[in-house]
Structures are given as C-alpha cells and as structure tokens.
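Undergrad: Quick one: sequence plus predicted model below, questions after.
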Amino acid sequence: MMVGDFAPIDLEDTALTKFDRLVAAGEIIWGPSTPEYVEHEGFQFEFRLAPALLKKPILSRNAPGRSKPVGPFVDPDPDFVVGKIGETHTLIFSKFCVPRPHLVLHTNQFELQSDDLTKSDLDSAWRVLGAFSKTPSMMIYNCGVDAGSSQGHKHMQVFPKPEGRNFNLFPDLTSLPEGNVVTLPNVPYKHYIIALPERPTADDLVERYRTLVGLAKLTLQDTGGTAHNVVMTKDWIMVIPRSSKGFEGVGANAAGMVGMVWVGSEEERNRWTSLGLGAYLQKLGVPL
Ligand code: AMP
C-alpha cells in the first residue's frame with residue numbers, strides 16, 4: 001500500500017492500533033516506561049528504563065549484516081509491515097521499542113547504514129512525518145556503527161517527539177532563523193541545525209541536509225571518521241557528528257544524543273551519572 005493510497009490520518013491510526021495488537025500478542029517488545037527528568041548544566045535529559053532493550057541484538061562492526069543483505073529488513077515479516085512508502089521504502093514496526101509506536105523506515109533495496117541519506121530517503125521520511133498529523137513525530141538516522149546503529153541495512157526510525165512541561169527537543173525550545181546553520185547554547189557537543197520552510201520540496205530537504213552533513217564531516221576529518229546522527233522534524237533538520245557509539249555497553253543513538261536516553265537496567269542508568277551526563281555526551285560526539 002502506498003502512503004498516497006490512504007488518507008494520512010489512516011496511516012497514523014492504523015499504525016497505533018496494529019502496534020498495540022502486536023504488543024499484546026508479544027510480537028513487539030514494548031512496555032510503558034516511566035520517564036526520569038534530569039537537568040545537567042542547562043541540558044535536559046529524559047531517561048527511560050526499558051528492559052526490552054536488553055533483548056535487542058546489536059550487530060558487531062564486522063558482522064555480515066553490516067555489509068550484506070541479510071537481516072530483518074530484507075524480507076520483513078508481513079505482520080510487521082505498516083505500509084510501502086512509494087516504490088523505494090517500507091515502513092515497519094520496530095521489534096524492540098521504547099516509544100509508542102516506534103517505526104522503522106528502511107530501503108527496499110539493500111543499502112549501507114553508513115551511506116548518506118538520499119533524496120528518496122528524505123522524501124519518504126518527510127511523507128511519514130506528514131502522515132502523523134495528530135502526533136508530531138521525529139525521524140532519526142544513526143549513520144554508521146559509531147552513531148549507535150544496530151543493523152547494517154539502511155533504515156531511519158520514526159516515533160512521536162517529546163513535547164511537554166519537563167522535556168522537549170532542544171531545537172524546539174528556541175525560534176530558529178530560516179536559512180542559517182544554527183548551534184545552540186548549553187548543548188555539550190557540536191551540532192548543526194537548519195530550520196525548514198513550511199512546505200519544503202524534496203530538493204529543499206536535500207539542500208539543507210547536505211549543508212549539515214558537509215559541516216559534520218568537516219568536523220570529523222582529522223579523526224578519519226564519518227559517523228553522525230540525523231534528527232528531522234517538520235520544523236528543522238539537525239546533524240550531530242559522532243566519535244563513538246559508547247563504551248562498555250553505555251551508549252547513545254540519535255535519541256540519546258538529544259537527551260532521550262533509553263537504558264536496559266538501573267545499573268546502566270547509574271553509569272550515565274558516574275560517566276558525567278553531558279560530559280559523556282560530549283565524549284560520544286565532538287567537543288565544542
Ligand atoms: P538501529 O539500532 O538504529 O540500527 O535501529 C535498528 C532498529 O531496528 C531498532 O529500532 C530495533 O528495535 C529494530 N529491529 C531490530 N530487529 C528487528 C526485527 N527483527 N524486526 C523489526 N525491527 C527490528
């Protein structure tokens with residue numbers, strides 16, 4: 001089913017109903033998590049303890065699934081498919097989830113998770129964000145092993161974005177000037193944000209994304225690395241250069257870098273404090 005085959009509202013409602021059904025059937029590993037809010041040197045964290053994450057397989061750097069078409073996104077379980085997004089992408093349910101719903105948008109043909117996003121990737125993500133009209137959502141892309149990805153087949157993730165009294169995405173807390181690359185205070189690592197026009201074309205997305213990725217790669221050029229996180233909402237795109245996915249089982253993907261830290265145990269949560277919260281994020285990213 002193409003996204004254009006049903007009204008956007010259907011995609012959102014269908015996804016949520018089906019997600020809850022798969023959770024009840026034990027097919028999706030999700031349970032409600034109580035958030036813990038922490039502010040550290042002006043940077044907000046929203047920790048969520050989700051024991052489901054302990055079950056999530058993370059492919060090692062050299063596993064076959066990092067470079068060859070094997071794994072869950074090659075021929076996805078039909079029960080997990082939310083819908084085809086155009087000819088190029090499929091929207092499926094993530095198996096190990098913290099948000100509700102938590103969706104994976106993967107390429108139909110095998111491409112590498114270390115490749116940059118293409119016009120069709122960005123266009124597909126935009127269409128999914130647009131379809132979630134009742135629940136403002138965010139897209140993340142963990143580009144490369146050191147960006148916190150666990151699968152090697154190119155995939156983005158889409159889920160509701162936090163909006164509330166206690167926690168917001170930091171680019172949402174300020175009014176961003178259109179057209180300029182912005183970095184914000186109280187964020188302990190390098191990051192590049194551009195506001196989006198109200199109704200961007202796919203070319204508008206590509207142009208802004210390329211500017212940001214270019215800056216992130218320039219930041220990393222002395223290290224030889226290229227890993228980075230992309231976060232996109234209907235209002236802005238942000239790219240965060242990464243130097244490490246984490247150490248000794250305490251890591252972060254794009255969500256973790258913006259403060260939405262999903263941990264599998266109390267012990268892992270406590271290690272974030274001993275590792276220095278913002279200081280640790282800085283170590284996973286690039287210091288200012
Ligand atoms: P990342 O960790 O950024 O590479 O994203 C991988 C995503 O795929 C995570 O959200 C996982 O929960 C999800 N995932 C892993 N295995 C499966 C599977 N068999 N079916 C559906 N989603 C999966």
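TA: Structure's in. What do you need? From a predicted model like this one, the values you see are computed outputs, not experimental measurements.

Undergrad: Do I have it right that Gly278 meets Glu39?
TA: No - the pair Gly278 / Glu39 is not scored as a contact, 9.9 Å apart, by Cβ atoms under 8 Å. C-beta coordinates here come from the backbone N, C-alpha and C atoms, glycine included.

Undergrad: out of these two, which sits in the busier spot?
TA: Shown here are Gly278 and Glu39; by other Cβ atoms under 10 Å, Gly278 has more neighbours (18 against 14).

Undergrad: what residues are up against the more buried one?
TA: By Cβ atoms under 8 Å, 6 or more residues apart in numbering, the contact list for Gly278 reads His40, Glu41, Phe43, Pro188.

Undergrad: Same check on Leu220?
TA: By Cβ under 8 Å, 6+ apart, the contact list for Leu220 reads Thr226, Ala227, His228, Pro241, Ser243, Val286.

Undergrad: tell me, how many neighbours does the last one end up with?
TA: In other words, Val286. Val286 has 19 nearby residues by other Cβ under 10 Å.

Undergrad: Most neighbours of all the contacts of Gly278, which one?
TA: Pro188 (22 neighbours).

Undergrad: wait, it sits on Ala279?
TA: Yes - with contacts counted by Cβ under 8 Å, Pro188 reaches Ala279, the gap being 6.9 Å.

Undergrad: And what about Gly83, helix, strand or coil?
TA: Three-state call for Gly83 (DSSP: H, G, I helix; E, B strand; the rest coil): strand.

Undergrad: ok, back up a step: among the contacts of Gly278, name the ones that also lie close to the ligand.
TA: The subset of the contacts of Gly278 within reach of the ligand, counting by Cβ under 6 Å from any ligand atom, is empty.

Undergrad: What parts of the stretch 1-150 of the chain come near the ligand?
TA: So far as Cβ under 6 Å from any ligand atom goes, the stretch 1-150 of the chain lies against the ligand at Lys56, Pro72, Phe80, Ile92, Ser94, Lys95, Phe96, Val104, Asn142, Ser149, Ser150.

Undergrad: Out of the residues you listed, which two sit at the greatest distance?
TA: Phe80 and Asn142 (19.6 Å; Cβ to Cβ).

Undergrad: number of nearby residues for the closest residue to Gly65 other than its chain neighbours?
TA: The shortest distance from Gly65 to any non-neighbouring residue, by Cβ to Cβ, 6 or more residues apart in numbering, is to Gly71 (4.2 Å). For Gly71, the neighbour count with other Cβ under 10 Å is 21.

Undergrad: tell me the pLDDT at Gly71?
TA: With respect to pLDDT, Gly71 scores 86.

Undergrad: gap between the residue nearest to Pro241 when sequence neighbours are not counted and Pro72?
TA: The shortest distance from Pro241 to any non-neighbouring residue, by Cβ to Cβ, 6+ apart, is to Ala216 (4.0 Å). According to Cβ to Cβ, to the nearest Å, Ala216 and Pro72 sit 28 Å apart.

Undergrad: which of those two has more neighbours?
TA: In terms of neighbours (other Cβ under 10 Å), Ala216 is the more surrounded of Ala216 and Pro72; the figures are 25 against 18.

Undergrad: Test my guess that that one contacts Tyr192.
TA: Yes - at 6.4 Å, Ala216 and Tyr192 qualify as touching, with contact defined as Cβ under 8 Å.
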